[in-house]
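Asker: make a model of this:
(one chain, ligands or ions: 2)
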Amino acid sequence: MFDSTASNLTSQQSWANLMQDHDAIRLLETTVLPPYLNSCRWFAGKARQQAYFRVQFAHEIPYRADAETSDQAFLVIVEVGYADGETESYLLPLSFVERAQPEIPPKGILTTALFDQKPGRIVDAIYDERFRRALYFNLVHQETLTQQSGQLRFHRGRGLAADDIDAEVSSRVLPVDSSNSALVFGISSQGEKYFLKLYRKLFQETNPEVELVSFLTEKSNFDHIPAYAGSVVWEQETGADVTLGMMQRMVENRHDSWNQTGDDLNDFLYAVPNRLFSVKEEVFERVELLGRRTGQMHLALYNSDPDEAAFAPEPFSDEYREFIIQRFENLLERRYNLLIDNYVKLDPLAQRLAWVFMEAKEMIDEFVDDFRNRPLESLRIRIHGDYHLGQVLVTGKDFIIIDFEGEPESSIAERKIKHSPLKDVAGMIRSYHYAVSAKLFGSTETAGIEPDHLQRVSERWFKLIRDTYLDAYLETIGSPHPLFKNNSEVNFLLLVYLLEKAVYELGYEISYRPAWVKIPLKGIMDVIREIEKIRIADPTRDSELPLLQVGLLQSKKE
Ligand SMILES: Nc1ncnc2c1ncn2[C@@H]1O[C@H](COP(=O)(O)OP(=O)(O)O)[C@@H](O)[C@H]1O
Ligand SMILES: O=P(O)(O)O[C@H]1O[C@H](CO)[C@@H](O[C@H]2O[C@H](CO)[C@@H](O)[C@H](O)[C@H]2O)[C@H](O)[C@H]1O
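Answerer: Ligands and ions are numbered 1, 2, ... in the order given. I've put the predicted structure just below:
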């Protein structure tokens, strides 16, 4: 665990003059920041060979309550350099606290320190109430704070109620350990009302989440997202605007749809030993509702207003197809290598699935060629981009969709590319498959059920749920609709995105949850079977490829 007392930073300067003390900054960069960042969940560079940590910028945010000079935070931008590959920038707000404060957890303390003979601690400012208040104040008053390099611009969105501009606020850090940090603001007598996400890993771009959430709040009537209440942007002197944070309405939720689906699956599995196939009607209703909400989100993102070029629908150009193919082929190659390197560590079922996946290489190549050449008249729009059950909050009987940042592995430029909305649909279908597979392979509810039987009933559950979701989705979009040319294109594109997603997931599971590798492999297998069906049904195809040995998978018991 990180030990904040291991170093003591001493400066003759006051805290407000931190940046003038080059020795103190050097000490921070060499002895404090490396162990501290490596202890943070949001720091993504832990597995890379780190070369240096540099305080690149330190923007000042004064605390308004009193005028003491030490009363300010620094929004520090830390540049991290690595032995190979690109550098990264992280946002680390810093505050100096002179008195011990019980609300600051050990994981928020960087070091003990002495500034101008005043002892205290340097802490992550999100844990300092003064900083949180200052953020709220600047945001609701749409302040601009001039900095040595560029300016900090605070925007207010439509989701912020006029009455709350001068209201007394309380605040806290939401205890979710994720890739960003979340602050919550309460308005007296109304409870917790606003949710502010501070982005940690920064990109030289406006975050896609701000673009999508502000568009949906201010330019559409889709209200199944938390309304956009504002953002914090660093406008650089030269270069693009960098999004540092975004505020939305706080959503009261019981849990997310991943947990809810897990509960539904528990009910389902309890009945299996009694040879009952039982899915409550309310489960289908929920899945249908999610299909409808997904469709409504896409209809809201489908925008033909010529003044909104960033959201205008686009065709399946050759350029887009090449981009997807390049990305997919790179991914495929990396995944084959990962599988080869980790093959002996896989359990027997995963090994068999991996084998069929590798055997299918030529068939997948043929399918990719098909995607390159096939006439496609469906359209592409901005989409959620990282859509799965964990991104849907359950509020009473309805849903609220969150986290529009896009896929964590992609660059920001890639995340802003328009895709068929079927990419989101594929993400959600994969997620239902994950939910049932995770139960099937690893929970106490399934212990003692004969594996082949369990596999059969789980597949039945998945197909029913998938079709219920898809039917409700397509019905909501309506037919005909320019987004989808016809059923044949819908089926084909869905296979493209399902395959891409499952291949992506394969890498995630090998790296993070090896016991779950068979889940995406099974997903890949399902797509391969569908591709094979298309091949067999098409008399014009003169392919020499042999049929796959998928029979390998059927008879063996675990
Ligand atoms: N508007 C909101 N209101 C209430 N809770 C929220 C809201 N947005 C997100 N959350 C909670 O915070 C968690 C992290 O949010 P998310 O947007 O997924 O951040 P990250 O990008 O860091 O994963 C979510 O899983 C959810 O529990
Ligand atoms: O949540 P993130 O945006 O960081 O996404 C990563 O982690 C996800 C897991 O938390 C992972 O999602 C996969 O597992 C989910 C169940 O845990 C499942 O619902 C998703 O369908 C499946 O893709 C995601 O792939 C990864 O990028």
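Asker: which residues touch the residue of the chain found nearest ligand 2?
Answerer: In the chain, no residue comes nearer to ligand 2 than Ser431, which is 3.4 Å away by CB to the nearest ligand atom. Any C-beta I mention is one placed from the backbone N, CA and C, and that applies to glycine too. Ser431 makes contact with 258, 387-390 under the criterion CB atoms under 8 Å, 6 or more residues apart in numbering.
Asker: same thing but at 6 Å, please
Answerer: Applying CB atoms under 6 Å, 6 or more residues apart in numbering to Ser431 gives the contacts 388-389.
Asker: what helix or strand does it sit in?
Answerer: Of the helices and strands defined by DSSP states H and E, Ser431 is found in helix 422-442.
Asker: tell me the buried residues in that helix?
Answerer: 422-441 (16 or more other CB atoms under 10 Å).
Asker: strands along the stretch 351-500 of the chain, start to end?
Answerer: In the stretch 351-500 of the chain, strands defined by DSSP state E, counting those that start in this stretch lie at 379-380, 392-395, 398-401, listed in chain order.
Asker: by contact count, what packs against the second one?
Answerer: The elements that strand 392-395 packs onto, with contact taken as 3 or more CB pairs under 6 Å, 6 or more residues apart in numbering; DSSP states H and E, are helix 257-271, strand 398-401.
Asker: avg pLDDT for that strand?
Answerer: Average pLDDT, strand 392-395: 97.
Asker: what's the domain layout of the protein?
Answerer: Per automatic domain parsing, the domain ranges recorded for the chain read 1-125, 128-250, 255-553.
Asker: so does the last one get close to ligand 1?
Answerer: Yes - contact of domain 255-553 with ligand 1 (CB under 6 Å from any ligand atom) involves 402-403, 405.
Asker: most tightly surrounded among the helices and strands packed on strand 392-395?
Answerer: The highest mean neighbour count among those, using mean count of other CB atoms under 10 Å, belongs to strand 398-401: a mean of 20.
Asker: list the neighbouring strands of that strand plus their orientation.
Answerer: Using DSSP bridges, strand 398-401 pairs in its sheet with strand 392-395 (antiparallel).
Asker: what does the partner strand contact?
Answerer: Outside strand 392-395, the residues that reach it (CB under 6 Å, 6+ apart) are 251, 253-257, 260, 399-402.
Asker: which is the next helix or strand following the longest strand seen in the chain?
Answerer: Longest strand in the chain, counting residues (DSSP state E): strand 50-62. Counting by DSSP H and E, the next helix or strand C-terminal to strand 50-62 is strand 72-82.
Asker: pull out the buried residues from that next one.
Answerer: Neighbour count says strand 72-82 has 72-80 buried, by 16+ other CB under 10 Å.
Asker: and for stretch 337-347?
Answerer: 339, 346.
Asker: from one end of that stretch to the other, what's the distance?
Answerer: 18 Å (CA to CA, to the nearest Å).
Asker: what's the answer for stretch 433-451, then?
Answerer: First residue to last in stretch 433-451 (CA to CA) measures 17 Å.
Asker: check what contacts that stretch and list those residues.
Answerer: Contacts of stretch 433-451 (CB under 6 Å, 6+ apart): 261, 265-266, 269, 272, 454, 458, 461-462, 519, 523, 557-558.
Asker: dump those residues to a markdown table, plus pLDDT.
Answerer: Listed next are the contacts of stretch 433-451 as a markdown table, based on pLDDT from 0 to 100:
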| residue | pLDDT |
| --- | --- |
| Thr261 | 97 |
| Leu265 | 94 |
| Asn266 | 91 |
| Leu269 | 89 |
| Val272 | 86 |
| Leu454 | 88 |
| Ser458 | 92 |
| Trp461 | 96 |
| Phe462 | 96 |
| Ile519 | 94 |
| Gly523 | 95 |
| Lys557 | 41 |
| Glu558 | 39 |
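Asker: just give me the closest of those residues to Glu218.
Answerer: Thr261 (31.7 Å; CB to CB).
Asker: could you measure from the closest one over to Leu289?
Answerer: Here the criterion is CB to CB, to the nearest Å. By it, Thr261 lies 13 Å from Leu289.
Asker: try Arg158
Answerer: Distance from Arg158 to Leu289, by CB to CB: 25 Å.
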